[in-house]
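Asks: This is the structure alone, sequence omitted:
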């Protein structure tokens, strides 16, 4: 009987798979569908709310371990924290609140402190602002007058939370409310914000002056250490968007309480429409506090920048699942470097919640802070002020410091909830009867008494294997499509029109109206090559192949002021056949700064250099130190913020070729260096215009981004592998200057920066290095016309780091963003032989050259050092390319076995003899140039008056014909052809018209000169 049943299940008769599936679906009870739907909803809710009760259950409800970060030689840890049991244990969240969102929500709705009454004191600040100080004295002072005597002995705690808990343990607690909060009006034109420390400073000084014998302890809550990172985090995910709107709603209510003042000081129309914290800060905080942009406000007021200067014992408590203040903003390295700071982190806890126990009546962090502070008071490590604090005669305490209690808080009654379990729900007889009838009908429809499982097996057996293969292929395709962030389907639905180029600029920007508005590429669309329609495929294709043009550079070695060697690889314009750039060259000079671990051989650099050279520009690639086959000859390495080489190279080139307008293009890390240089120099730079392509902008945000997802971590490891290869090329130097063992074990960019960059460049921590070298902080000072191009899907330099507000506030900057493009790729066309950004940069720079908006250097503060002037003598121009790769060449000439298989742009081949001859010729020219540069005015012999008159006449003649020559050069550059060929074409095409006009004008003269017999004919 069993064999017959199995055969029936496998064979299945004449019914199709769809019919069997429908029959099986009819046999499944409705409650099973309900349970399945409930399971799906539960999984989604578990994932959305970030619940961790199952993880706690699997760990036996032991909780997560408290991780401590501190300096190994910290006296605060060894003398205080090591004695705190709560900091060496575990934290277990309340099981029915095992979610950061549930904990935070419960804290905001129900989790208030026990019932007690504050005593209020109003304090008037120096600028007239009013601060409400709410007092809660120690329990042993309840029967006496609440106002403290100057000889009070109990510790004084300046705190927002912990008031009730600390007062029970003998602390006199005061809550210093922010301006405009606690039912107090704003009485000055200054508002509190995330970095407003003046009120805290005045209150602490006042309390210390009034109660000098009382040890003062402070506790602050909320506001992340790095507000800029927090801003990017809170607007990134779906759940964080709710917190952003909830907090914005609270700020909007705060603004409505003080509408008369805020409508006068800020943008009230913007406040009424705000939907996020960033919008409030834009319309209120930045205007009142006079910050140019929101990012500038966030950057200046982030406490992470000040952690290194903390000199008192400080305990920092953070939850890694905090839904408001992200873990990405925690300054781990700064806390580890400061001996006075202890950082305690827990896996769970939410935002300011940390509920523990079944009844959720206690906050874990209040006990931790209490234990830490009590232990600190009993130790010898309390901070002692070294300098006297000035007295505060401006204190105004109203009504002898006593104000009647505002309201008595009514304690909440205990809420007892009775939950029913699933097995307590019973169905009545009518429901059971109806279910029985439905089941009978389903069985009758199924026939033969087969179960739903048997029908499903029969349906599965009828499905061909190729259908399963296709289904598996479809699932894998969807996963790959998602993983690689492909967008070919979206491009297809849009008819392969591409994404629009979005421009961000100041409304009154002359650079936009006079230059960018004339660039067609910046007002069109960008369509990715269809077969690499993914940021990862584009970036990978650029790194592996890239299809660069084939040509040969000319190399010049430049010695910097500190002895470092920089390889300058030249690609001259087509009409420079001798390969030597004259001192009087007036063609535009393009300086290219490559990206991280890239040199002039990179595909994207060759695309840009070749494109510019074809249009008449002399292009030079300024390679970073130690790259391009050049050794490191000093104790200084390049990094993301090292602008000294760029500064020296630009000044040297401007000094040697003063008539050539200089344009600069930076890519990736090179773009960060270039923008930082332009911001540092301001007006004092010879650069006429610049472009920054795929800049990381904010290195701290980029560091958090590149370690966030699996794909980004692959890029992180790949770039770290390139940095390790760079380090191995210069092992003798790095083994002496840096931590070589750490470099060998580096698996990320951050590891390499920790073991190499920070040590050589003398930065305390990696985050400090990232913070100081980010070009976003220098955008506001850029005084040169600057085009910035970034792809919003860049897998290396995240869109979160783009300084939108700073670019919009600077009239010299135009920011162009595209939806797609990858990192430095932007391939276009079916053959992927062109990079869109190369054409956009070329069009922008040439339009700038034809306009009146080129930057002119206003000051000359940088004086060339003798090493800059003579460094050209050490290494003249040499031909170093072989199959497109670069090799270093010394003064002795090229290697004997060197052969060049590539042609220069103008198809001139250079053999070894020519190279040697070029070397001698170049050395003579450079020696002559150097002699001219070093000559002092007193050493130049006086010329006769006649010769000076002739030179004056020649100079005036050259000045007169200069516009004509410039127009001819521009025409030649745009067309890419010889001017004589253009003149020949113009003559041939216009001769019929000009010949007829000439014959009509001079026909009488022609008749007189013609023989007499010709007219008769």
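Replies: Structure received. All figures in this text were calculated on a predicted structure; none of them were measured in a lab.
Asks: shaky segments in the stretch 501-650 of the chain?
Replies: Low-confidence segments of the stretch 501-650 of the chain, defined by pLDDT under 70, span residues 574-584.
Asks: Which stretches in it count as strands?
Replies: 502-505, 525-526, 554-559, 565-571, 589-593, 618-622 (DSSP state E, counting those that start in this stretch).
Asks: same thing with the stretch 251-400 of the chain?
Replies: Using DSSP E, counting those that start in this stretch, strands in the stretch 251-400 of the chain cover 314-319, 341-346, 355-356, 362-363.
Asks: which helices and strands sit right next to the second one?
Replies: The reference is to strand 341-346. Judged by 3 or more CB pairs under 8 Å, 6 or more residues apart in numbering; DSSP states H and E, strand 341-346 is in contact with strand 67-69, helix 75-79, strand 314-319, helix 332-337, helix 364-377. For glycine as for every other residue, the C-beta is placed from the backbone atoms N, C-alpha and C.
Asks: Show me which positions of the second one end up buried.
Replies: Translated: helix 75-79. Burial within helix 75-79, assessed by neighbour count using 16 or more other CB atoms under 10 Å, is assigned to 76, 77.
Asks: Show residues contacting it.
Replies: The contact list for helix 75-79 (CB atoms under 8 Å, 6 or more residues apart in numbering) reads 68, 70, 71, 313, 339, 340, 341, 342, 379, 380, 381.
Asks: isn't residue 567 right up against residue 555?
Replies: Yes. Residue 567 is within contact range of residue 555, at 6.2 Å (criterion: CB atoms under 8 Å).
Asks: okay, now the domains of this protein?
Replies: Domain ranges of the chain: 118-211, 234-301, 500-698+774-850, 702-771, per the TED database.
Asks: for the ones you listed, which one sits closest to residue 466?
Replies: domain 500-698+774-850 (26.3 Å; CB to CB).
Asks: What's the end-to-end length of the closest one?
Replies: Criterion CA to CA, to the nearest Å; first-to-last residue distance in domain 500-698+774-850 is 26 Å.
Asks: going forward, begin numbering at 185 instead of 1
Replies: New numbering, starting at 185: the last item is domain 684-882+958-1034.
Asks: returning to what we had before: mind giving me a markdown table with the helices and strands packed on strand 525-530 and columns for mean pLDDT and distance to residue 1007?
Replies: Below are the helices and strands packed on strand 525-530 laid out as a markdown table (pLDDT from 0 to 100; distance: least, CB to CB, whole Å):
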| stretch | mean pLDDT | distance to residue 1007 |
| --- | --- | --- |
| strand 251-253 | 94 | 32 |
| helix 259-263 | 93 | 42 |
| strand 498-503 | 94 | 32 |
| helix 516-521 | 90 | 26 |
| helix 548-561 | 91 | 41 |
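Asks: Go through those and name the closest to residue 222.
Replies: Per CB to CB, nearest to residue 222 of the helices and strands packed on strand 525-530: strand 498-503, 29.9 Å.
Asks: quick one, what contacts the closest residue to residue 379 other than its chain neighbours?
Replies: In this structure, residue 379 finds its nearest non-sequential neighbour in residue 485, 2.5 Å apart by CB to CB, 6 or more residues apart in numbering. Residues near residue 485 by CB under 8 Å, 6+ apart: 377, 378, 379, 411.
Asks: how close does residue 654 sit to residue 201?
Replies: To residue 201, residue 654 is 14 Å away according to CB to CB, to the nearest Å.
Asks: Looking at these two, which is more packed in?
Replies: Ranked by neighbour count (other CB atoms under 10 Å), residue 654 and residue 201 place residue 201 first, with 16 against 11.
Asks: Is the more buried one in contact with residue 643, as I believe?
Replies: Yes. Counting by CB under 8 Å, residue 201 does reach residue 643; the two are 4.6 Å apart.
Asks: Next, the residue nearest to residue 379: phi, psi?
Replies: Residue 485 adopts backbone torsions of phi -110, psi 10, taken as degrees, to the nearest 10.
Asks: ok, residue 309 touching residue 382?
Replies: Yes. Here residue 309 reaches residue 382: they are 7.2 Å apart, a contact under CB under 8 Å.
Asks: Looking at the two, which is more packed in?
Replies: Higher neighbour count among residue 309 and residue 382: residue 309, with 22 against 14, using other CB under 10 Å.
Asks: how about the more buried one, what does it touch?
Replies: Residues near residue 309 by CB under 8 Å, 6+ apart: 315, 372, 382, 383, 386, 578.
Asks: any idea which of those residues is least confident?
Replies: Among the contacts of residue 309, residue 578 carries the weakest pLDDT, at 33.
Asks: which residues touch stretch 422-436?
Replies: Stretch 422-436 is contacted from outside by 232-234, 285, 288, 417-419, 455-456, 458-461, 463-464, 468, 507-508, using CB under 8 Å, 6+ apart.
Asks: Where does the prediction get shaky in the stretch 185-334 of the chain?
Replies: For the stretch 185-334 of the chain (pLDDT under 70), the answer is 185-198, 296-297, 323-334.
Asks: could you pull out the strands for it?
Replies: Taking DSSP E, counting those that start in this stretch as the criterion, the stretch 185-334 of the chain carries its strands at 248-249, 251-253, 274-275, 303-308, 314-320.
Asks: could those be laid out in TSV, adding mean neighbour count and distance to residue 294?
Replies: Listed next are the strands of the stretch 185-334 of the chain as TSV, based on neighbours: other CB atoms under 10 Å; distance: least, CB to CB, whole Å:
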stretch	mean neighbour count	distance to residue 294
strand 248-249	17	24
strand 251-253	16	29
strand 274-275	17	20
strand 303-308	19	25
strand 314-320	22	21
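Asks: Out of those, the one nearest residue 913 is which?
Replies: strand 251-253 (34.5 Å).
Asks: what are the ranges of the helices in the stretch 885-1034 of the chain?
Replies: 894-913, 915-921, 924-928, 933-936, 942-945, 950-957, 988-993, 1020-1033 (DSSP state H, counting those that start in this stretch).
Asks: Make JSON lines out of those helices and add distance to residue 821.
Replies: Listed next are these as JSON lines, based on distance: least, CB to CB, whole Å:
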{"stretch": "helix 894-913", "distance to residue 821": "9"}
{"stretch": "helix 915-921", "distance to residue 821": "8"}
{"stretch": "helix 924-928", "distance to residue 821": "12"}
{"stretch": "helix 933-936", "distance to residue 821": "11"}
{"stretch": "helix 942-945", "distance to residue 821": "5"}
{"stretch": "helix 950-957", "distance to residue 821": "12"}
{"stretch": "helix 988-993", "distance to residue 821": "28"}
{"stretch": "helix 1020-1033", "distance to residue 821": "28"}
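Asks: quick one: which of those helices is nearest residue 715?
Replies: For the helices of the stretch 885-1034 of the chain, the distance to residue 715 is smallest for helix 1020-1033, at 16.0 Å, taking CB to CB.
Asks: Run through the neighbouring helices and strands of that closest one.
Replies: Using 3+ CB pairs under 8 Å, 6+ apart, helix 1020-1033 sits against helix 787-798, strand 846-851, strand 871-877, strand 970-975, strand 997-1002, helix 1129-1159.
Asks: List the contacts of the most centrally placed residue in the chain.
Replies: Centroid-nearest residue in the chain, with CA atoms, centre = their mean: residue 985, separated by 2.4 Å. Counting by CB under 8 Å, 6+ apart, residue 985 makes contact with 416, 880, 881, 882, 885, 886, 889, 960.
Asks: Next one: residue 404, what pLDDT does it get?
Replies: 89.
Asks: From residue 484, how far out is it?
Replies: 18 Å.
Asks: most neighbours per residue, which of the domains of the chain?
Replies: Comparing the domains of the chain by mean neighbour count (mean count of other CB atoms under 10 Å), domain 684-882+958-1034 comes out on top with a mean of 22.
Asks: Could you list the low-pLDDT ranges of the stretch 535-684 of the chain?
Replies: 570-633.
Asks: picking up where we left off before, among the domains of the chain, which is nearest residue 491?
Replies: Minimum separation from residue 491 across these (CB to CB) falls at domain 886-955, 8.9 Å.
Asks: Many thanks, I have nothing further to ask.
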